[in-house]
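Colleague: Sequence first, then the predicted structure:
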Amino acid sequence: MVLDDPKTRTWNIWAIDVGLEKNYTQLCYKYTYEKLIVNFAVKVDKLALDERALICNYALDSMRIDIIGDSCLINCSPIEQVMAHRLVVGKEQRTTLTVSLIGCKDSLIGIKAVIYNPEFCVEKGVLLILEGEFYKNSN
């Protein structure tokens, strides 16, 4: 279950039932808005409901539950750049544009494009999501 918490700027991801002898109902991973921006180049408040559900699904897919003795932990696999290309664009005011193919575990998520605005010292981006099982790792 995923709950949006704008006050703390996190998605609280709860493991309700992990299929074990013990019920770890209090197990929670806080996925910060900043991590969503870095990983997916999206702002939570700008997402439509179906887009939010899709990003949430990718965040959930990147997680695993590890049991160490009597403890249970949620670990998050990184959303990684499979391939990236950085360009310097513009004639009068030069800036960088980075286009990355991102994925997690054995599947691709999509293409993230981020441009840096030197005037305001911020990055803005867009995520283009790949449909279906576009890629599977051959290992």
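Modeller: Yes, it's here. Numbers count the residues shown, from 1 in each chain.
Colleague: quick one: pLDDT of Glu92?
Modeller: For Glu92, the model assigns a pLDDT of 79.
Colleague: buried set for the top helix by length along the chain?
Modeller: The longest helix of the chain (DSSP state H) is helix 49-61. Within helix 49-61, the residues scored as buried using 16 or more other CB atoms under 10 Å are 52, 54-56, 58-59. (Glycine included, C-beta is placed from N, CA and C.)
Colleague: Name the SS class of the residue of the chain positioned farthest from its centre, please.
Modeller: Here the chain reaches farthest from its C-alpha mean at Glu92, the gap being 33.8 Å by CA atoms, centre = their mean. Reducing the assignment at Glu92 to three states with DSSP: H, G, I helix; E, B strand; the rest coil gives coil.
Colleague: Contacts only, for it.
Modeller: Residues counted as contacts of Glu92 (CB atoms under 8 Å, 6 or more residues apart in numbering): none.
Colleague: any idea how far the residue nearest in space to the middle of the chain lies from Tyr33?
Modeller: In the chain, the residue lying closest to the centroid (CA atoms, centre = their mean) is Asn39, at 4.2 Å. As for Asn39, its distance to Tyr33 is 11 Å (criterion: CB to CB, to the nearest Å).
Colleague: got it, and Glu80?
Modeller: 20 Å.
Colleague: I figured Thr8 hits Tyr33, correct?
Modeller: No - using CB atoms under 8 Å as the test, Thr8 is too far from Tyr33 to be in contact (9.1 Å).
Colleague: Which one's more surrounded, these two?
Modeller: The residue with more neighbours, out of Thr8 and Tyr33, is Tyr33; 18 against 10, by other CB atoms under 10 Å.
Colleague: Spatially nearest residue to that one (excluding sequence neighbours)?
Modeller: Residue nearest to Tyr33 in three dimensions, not counting chain neighbours: Arg9, with 4.3 Å by CB to CB, 6 or more residues apart in numbering.
Colleague: again, but for Ile111
Modeller: Here the residue nearest Ile111, using CB to CB, 6+ apart, is Leu128, at 4.4 Å.
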